[in-house]
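Enquirer: structure for this input, please:
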Amino acid sequence: MFLARRFVVCGRVQGIGFRAFAYDHAIHEGISGFARNMPNGCVEVMAEGEAEAMRRLEMALRQGPPGARVDNVEVDEVPPTRRVGAFVIKG
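Expert: Below is the predicted model of the structure:
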């Protein structure tokens, strides 16, 4: 099953390589979408992929890279666009 999710990860997640961490996991799982810093200090991750790959990505985002402190992860289901493409890091 193909899913799309919007994750908002809050805590100490900016300035420690969180977007690159999300990128590495998404690429490994074959997930498309993006990661970007938000003005409020959180990181937004938009992702589309197979259900099991999305589950593994969510688990990774909840853990975060070394140096991160994940306090909260908000997960919203969004309609999949089914656009196959890369995962990118946005500013």
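Enquirer: I figured Phe7 hits Glu77, correct?
Expert: No: taking contacts as CB atoms under 8 Å, Phe7 lies outside contact range of Glu77: 11.0 Å. (Each C-beta comes from the backbone N, C-alpha and C, glycine too.)
Enquirer: could you look up the SS state of the residue nearest to Pro65 when sequence neighbours are not counted?
Expert: Ranked by CB to CB, 6 or more residues apart in numbering and with sequence neighbours excluded, the top spatial neighbour of Pro65 is Phe21, at 4.0 Å. For Phe21, the assignment made with DSSP: H, G, I helix; E, B strand; the rest coil gives helix.
Enquirer: how near is Phe21 to Thr81?
Expert: 24 Å (CB to CB, to the nearest Å).
Enquirer: which of these two has more residues huddled nearby?
Expert: Using other CB atoms under 10 Å as the criterion, Phe21 and Thr81 rank with Phe21 on top: 21 against 12.
Enquirer: are we agreed that Leu57 is in a helix?
Expert: Yes: assessed by three-state DSSP, Leu57 belongs to a helix.
Enquirer: burial count for it?
Expert: 23.
Enquirer: about what we covered before: who has more neighbours, Phe7 and Glu77?
Expert: More neighbours surround Phe7 than the other of Phe7 and Glu77, with 22 against 9 (other CB under 10 Å).
Enquirer: OK, contacts around the more buried one?
Expert: Glu44, Val45, Met46, Ala47, Glu58, Leu61, Val73, Glu74, Val75 (CB atoms under 8 Å, 6 or more residues apart in numbering).
Enquirer: looking at it, Ser22 is touching Glu44, isn't it?
Expert: Not quite, residue 22 is Ala, not Ser. No: with contact defined as CB under 8 Å, Ala22 does not reach Glu44; the gap is 9.8 Å.
Enquirer: and those two? which has more neighbours close in?
Expert: Ala22 (29 against 19).
Enquirer: please enumerate the strands of the protein.
Expert: 2-12, 32-37, 43-50, 69-77, 87-89 (DSSP state E).
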